[in-house]
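Based on what follows, work out the 3D shape:
(2 chains)
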Amino acid sequence: MTGVQKPSRRILIGAGSYAEARTALRLAERLAGTLATDLGGMLVEETIWADLAGLPKQRVITSSGTFIVAPSRRQIKTVAESDAKAFRQTLSALAPQENWSFERRRGELISGLCEAAKGWDLLLLGYRETHRLVGQIVLIEPPADAEQEARVLADDLAHALGTGTLAMTLGSAPQGGGVGPPDTEHFSSEDLLLARIARLHASAVVLDLSAGPLRTYDQLRRLFAAARCPIVVVGAGRGEPSLEHSSQIPPAPEAAT
Amino acid sequence: MTPLPADRLRRQCDPAKLPFRSTDELEGVSGLIGQDRALDAIRLSAQIAHRDFNLFVLGPPGTGRHSAVKQLLTEQAARRPLPSDWVYVNNFEAAHKPKALRLPPGTAAALRREMENLVDDLANEIPALFESEEYQTQRRAIEQELGEAQESAMADFADRAKAEDVALVRTPMGFMLSAVRDGQLVKSEDYQKLGNAEQAEIDEKIERLQEDLAAVLRQAPKLEKEHRKRIEELNAAMAERAVSARVAEISGKLQELEPVSEYLEAVRQDIIANAELFLQAAAKKNEGPFPEAIRKYHKEPAFDRYVVNVMVSQDNDASTGAPVQVEDLPTLNRLSGRIEHISHMGSLVTNFTMIKPGALHRANGGFLVMDARRVLSEPFAWDALKQSLKSQSITITSMAERLSLVSTTSLEPDPIPLDVRVALVGDRFLHALLVLLDPDFSELFKVQADFDDEVERTDDTLILFARLVGSYAAREGLRPISAAGVARLLDEATRLADDSQKLSLRLGAVSDLLREADHYAARRGNRHIDDGDVTQAVREKDRRAGRIKDRMQEAIARKTVLIDTEGAAVGQINGLSVVGLGDYSFGRPSRITARARMGAGKLVDIEREVELGGPLHSKGVMILAGYLTSRYALDVPFSLHASLVFEQSYGGIDGDSASSAELYALLSALSGLPIRQGLAVTGSVNQTGEVQAIGGVNEKIEGFFETCAARGLTGDQGVLIPKSNVDHLMLRSDVVEAAKAGQFQVIPVTGIDDGIEILTGTPAGVRNADGAFPDGSVNALVEARLRAYAETRKAFARSASGDGNGNGNDEDRKTV
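Modelled structure (predicted):
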């Protein structure tokens, strides 16, 4: 028996709640099976929505379409504690041996996670699941001259989920009449790309933030909002200049040579 | 009356008259002799086609009932066609009601093999089909279509919200809508600062769009349901291609089996509906060193639902006809089958593969032979057998279920139609009880095969019997029997019959004797079984069983038990009784005494008074009282008070064979004439004084002979027997020899007068023309004594009346 031993990867799973983290954890489980990796978890408690809540007609709508009254700040704190505990437990059960770590932060999700992701190979951004149908893996294809790690990752993920990969390119049309490979779609603008993604049924979107075409946190934020599914980010820490490292999650060790 | 000549005491077969020197010269005989009536009954039951002509074979043990039944039924079974095979298969609609399938003989195993192969093949083919790119593409297309429908709805909503300056905000509990003003989300505190109109506008938009969002999210479960449905349809369509082709192959092979096609269609539909079973099985890793390709999927519990549980399968090649099943242990489970359970997670579970057949299943279409007593002694077995015969079907019910002892999952298998002829082998008593007590019995067992226990002793039957024992010896590997040995065996068969004109058909006892004789012949190094070997076998058997008899004779010899064998005594006589110990019996003398005095016509049977006498004994005593009252002193009141007793008898006594002896003792007591103590008496008496036949005459004579022989034979000793018992005499050789030497007598008597003359040496006397017995005769003395009692009683009554107390009169009024 022979086989190709894939390089070990360190994956950081980030989410704003346990419901979001769960989808990312499921993906991580599939990836852990092939990549034999260390796992990190980060729960980012976003404060903005607490400031938004309180309008008379405003309600929280659950994934099943039912209304609940927006919680008080005290309730929000309790929910956050509960989510952190569940996140931590699931992560520890998933991680091989003791190779896992967990951290809680407050602040904005995308920037918080991308900063914390420095030193991690992958950032897995969770999104609340609204149905259980398995969709495609969408790859935001990096430029041809960049590393193709995102492509490999997307294919692995698609194989693990028993689905296909749909590649999307952004920029000028490819040579040869503008028709790419059958599983590739080309977009001339980011808005068109996001509009297409918003209507796609995707199980995850994979992109390389360090290679582009999407590079900034804001672009990532818009992608996250449009895709409404987990995002697998390669080079999250290298997308925008980082200000600081996480105090609890150490940077990845230098690759051995 | 004169003693019988010695040649009347034992009928002996003369070896010289037998037309062979040894049984190895004889042609063998396999059947029975003298059982034509029973054998015809068995044939009738085996041949008749109508229901309920089941067979009850009755007769004494050792008459060859079992072997004859089995042999005859086997002969009849060979002429019948092979019965159907039966299998139980899963009922896919109601698993607790397995279906029974009738198949042509010899095809059940083929169906089972085909189903095993089907499962093994599909367990390889179905996963391959579902892994194919064709299937995966179709599945993805469905998921993509439905998924995009949901995503488009969400995207549309997001566009609408954005157009109305409303943003979708994620929260830990779900989604929330927030107003956007000047590109910024409106916080709660900012909202408070807005004017009423603007607040109202925001409220309206948020409320409306919330409803829209909820409606979109509520679509998700419906889409998932639609997805499941379409994937199931896709799976079914994919599975059907593989399953239908394979099932069609089996149908082609087994197309002549009509009931199978319906079952195979149900299997086809079930496999299509449950294709994931095959995917799950394939997903499990094969354990062990064998390659996946030869993995036996059909042995895995998940595929039990497709098992063919063979209940009965005939061997088509052997062509043995219908089955003849002998069930030696007919418990309920072994008779009508059972449903086994296994323990799973602490509870007992079962399924149709755990249904096991019983004797009724195996005998279906043929014959079932059982021992009646065993069937009746096994709880619920008799009820189950009757129920099956009545309903002509086999229903499996466990004892625990019937008694409601265990509460667990159970099955209700289809009853299997039953066409069986049951032969029960039992004894006559059991047959009589069943006829009397069980109304169903006569309905269900209409044929009785009554095995005789003896046959007429003629020249023909002697030869047949010789051939029969010769065949038995050859079959069992025993030595051939010499003519003398056969003659001795025939005599012993006559002795077993208790009748010199008969031969016993209890072949079991004869064969036991023969095998023991063979042992002695082997010890002597003899090539043949001789009369000496047979005689030794008889003697040793008696010796082995005779410990109690020896102790009783010893007690008499030491005068612990008082028996006189010489002299004469008034009112005392030697009676004879038989003691039975299982299959061994022996005779012994008992002293019977009678005492008489004036009284009120009462005859006291002391045995009865102390409840040691059985009803037949009491009847005998009452009969002799009737004889006395009707024969003597008819013109005066019967004024006797007499008592009768078996001396030193401490156990129960029954039978009327001592009633003549009791009457003799009473006549002696009344006449004052002594009775010869060297004689013993047996025989019952009727009210006219005739002496009637009794049983066990040989044992009784031999019992008294042994007592006399122990003290020395005088020539005056002997036994009075009823004349009607002379034909039953088959006495031991030593008794015959003593009689021949004039040392012991066997005297037949026909009436009481004959006997009393022999016992007292005084004529009994017959009434003359004036109605009186001759002076000095026994009867005259008896009558005179009874008349004297009456006179005395009359005088006593008169004197008592003169005294004025009236006691005597009162007693008369009560007792006369």
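
Could you give the number of residues near B:Gly477?
Close neighbours of B:Gly477, defined as other CB atoms under 10 Å in any protein chain shown, add up to 7. C-betas here are computed from N, CA, C, even on glycine.

Now do the same for it: helix, strand or coil?
Here B:Gly477 is coil, with the state taken from DSSP: H, G, I helix; E, B strand; the rest coil.

B:Ala161 and B:Leu168 touch, don't they?
Yes - with contacts counted by CB atoms under 8 Å, B:Ala161 reaches B:Leu168, the gap being 6.2 Å.

Who has more neighbours out of these two?
Between B:Ala161 and B:Leu168, counted using other CB under 10 Å, the more crowded position is B:Ala161 (21 against 18).

In which helix or strand does that one reside?
Taking DSSP states H and E as the definition, one finds B:Ala161 inside helix B:133-163.

Next SSE downstream of that helix?
On the C-terminal side of helix B:133-163, the nearest following helix or strand under DSSP H and E is strand B:166-170.

Packing partners of that following strand?
Applying 3 or more CB pairs under 8 Å, 6 or more residues apart in numbering or on different chains; DSSP states H and E, we find strand B:166-170 packed against helix A:48-52, helix B:133-163, strand B:175-181, helix B:196-253.

just these: most buried one?
strand B:175-181 (a mean of 21; mean count of other CB atoms under 10 Å in any protein chain shown).

For chain A, tell me whether that strand is touching it.
Yes - counting by CB under 8 Å from any CB of the partner chain, chain A is contacted by strand B:175-181 at B:Phe175, B:Met176, B:Leu177, B:Ser178, B:Ala179.

Overlap in contacts, B:Ala161 and B:Leu168.
Both B:Ala161 and B:Leu168 are contacted by B:Leu177, B:Leu213, under the criterion CB atoms under 8 Å, 6 or more residues apart in numbering or on different chains.

so who does residue 107 touch?
Because you didn't say which chain, this covers chain A. Per CB under 8 Å, 6+ apart, neighbours of A:Gly107: A:Val44, A:Glu45, A:Glu46, A:Thr47.

looking at chain B here, not the other one
B:Asp85, B:Leu254, B:Leu257.

change it to 6 Å
The contact partners of B:Thr107, by CB atoms under 6 Å, 6 or more residues apart in numbering or on different chains, come to B:Asp85, B:Leu257.

And for the residue of the stretch 151-257 of chain A found nearest chain B, the neighbour number?
Using CB to the nearest CB, the single residue of the stretch 151-257 of chain A nearest to chain B is A:His201, 2.8 Å away. Neighbour count for A:His201, taken as other CB under 10 Å: 22.

Up against chain A, what does chain B have?
Applying CB under 6 Å from any CB of the partner chain, we find that chain B lies next to chain A at B:140, B:143-144, B:146-148, B:150-152, B:155, B:169, B:171-176, B:178, B:185, B:187-188, B:191, B:203, B:206-207, B:210, B:213-214, B:217-218, B:220, B:224, B:227.

In the chain, where is pLDDT below threshold?
If you meant another chain, say so; for now it's chain A. Applying pLDDT under 70 to chain A flags residues A:1-7, A:32-37, A:96-97, A:172-182, A:239-257.

Switch to chain B, please.
Applying pLDDT under 70 to chain B flags residues B:1, B:285-294, B:318-319, B:405-407, B:409, B:802-816.

hmm, what's the outermost residue in it?
Distance from the centre of chain B peaks at B:Gly195, with 102.9 Å (CA atoms, centre = their mean).

Let me know whether B:Asn725 touches B:Gly695 as I believe.
No - contact criterion CB atoms under 6 Å: B:Asn725 and B:Gly695 do not qualify, at 8.9 Å.

Enumerate every residue touching the residue in the stretch 501-650 of chain B that chain A sits nearest to.
Ranked by CB to the nearest CB, the top residue of the stretch 501-650 of chain B for proximity to chain A is B:Arg515, at 73.1 Å. Residues counted as contacts of B:Arg515 (CB under 6 Å, 6+ apart): none.

do you know how far it is from B:Val469?
As for B:Arg515, its distance to B:Val469 is 11 Å (criterion: CB to CB, to the nearest Å).

ditto for A:Arg132
For A:Arg132, the distance to B:Val469 - CB to CB - is 88 Å.

Look at these two and report which has more neighbours.
Neighbours were counted for A:Arg132 and for B:Val469 using other CB under 10 Å; B:Val469 has more, 26 against 12.

Could you tell me how far that one is located from B:Asp727?
24 Å.

what's the burial count for the residue of the stretch 651-800 of chain B found nearest chain A?
Closest residue of the stretch 651-800 of chain B to chain A, CB to the nearest CB: B:Gly652 (86.1 Å). Applying other CB under 10 Å, we find 11 other residues in the vicinity of B:Gly652.

Equivalent analysis for B:Gln501, please.
Counted by other CB under 10 Å, the residues lying close to B:Gln501 total 14.

do the same with A:Leu192
As a burial measure, A:Leu192 scores 14 neighbours (other CB under 10 Å).

what about the helix or strand where A:Phe87 lies, near chain B?
In this structure, A:Phe87 sits in helix A:73-94 according to DSSP H and E. Yes - under the criterion of CB under 6 Å from any CB, chain B is reached by helix A:73-94 at A:Val79, A:Asp83.

hey, where'd the strands end up in the stretch 1-150 of chain A?
All strands of the stretch 1-150 of chain A, identified by DSSP state E, counting those that start in this stretch, fall at A:10-15, A:38-45, A:59-61, A:67-69, A:100-106, A:122-125, A:136-140.

Check which helices and strands the last one is in contact with.
Okay, so that is strand A:136-140. Using 3 or more CB pairs under 6 Å, 6 or more residues apart in numbering or on different chains; DSSP states H and E, the elements in contact with strand A:136-140 are helix A:149-161, strand A:165-170, strand A:202-208.

Now B:Val310: closest residue in space that isn't a chain neighbour?
B:Ala108 (4.5 Å; CB to CB, 6 or more residues apart in numbering or on different chains).

And B:Glu791, by the same measure?
B:Val636 (7.6 Å).

right, and that neighbour touches B:Ala790 too?
Yes - contact between B:Val636 and B:Ala790 holds when scored by CB under 6 Å: they sit 3.7 Å apart.

For these two, indicate the residue with more neighbours.
Between B:Val636 and B:Ala790, counted using other CB under 10 Å, B:Ala790 has the larger neighbour count: 19 against 16.

Quick one: residues contacting the more buried one.
So B:Ala790 contacts B:Val636, B:Pro637, B:Ser639 (CB under 6 Å, 6+ apart).

make it 10 Å
B:Met598, B:Gly601, B:Ala633, B:Asp635, B:Val636, B:Pro637, B:Phe638, B:Ser639, B:Leu640 (CB atoms under 10 Å, 6 or more residues apart in numbering or on different chains).

and if you look at B:Lys446?
Neighbour list for B:Lys446: B:Leu44, B:Ser45, B:Ile48, B:His50, B:Arg51, B:Asp52, B:Phe53, B:Asn54, B:Leu55, B:Phe56 [criterion: CB under 10 Å, 6+ apart].
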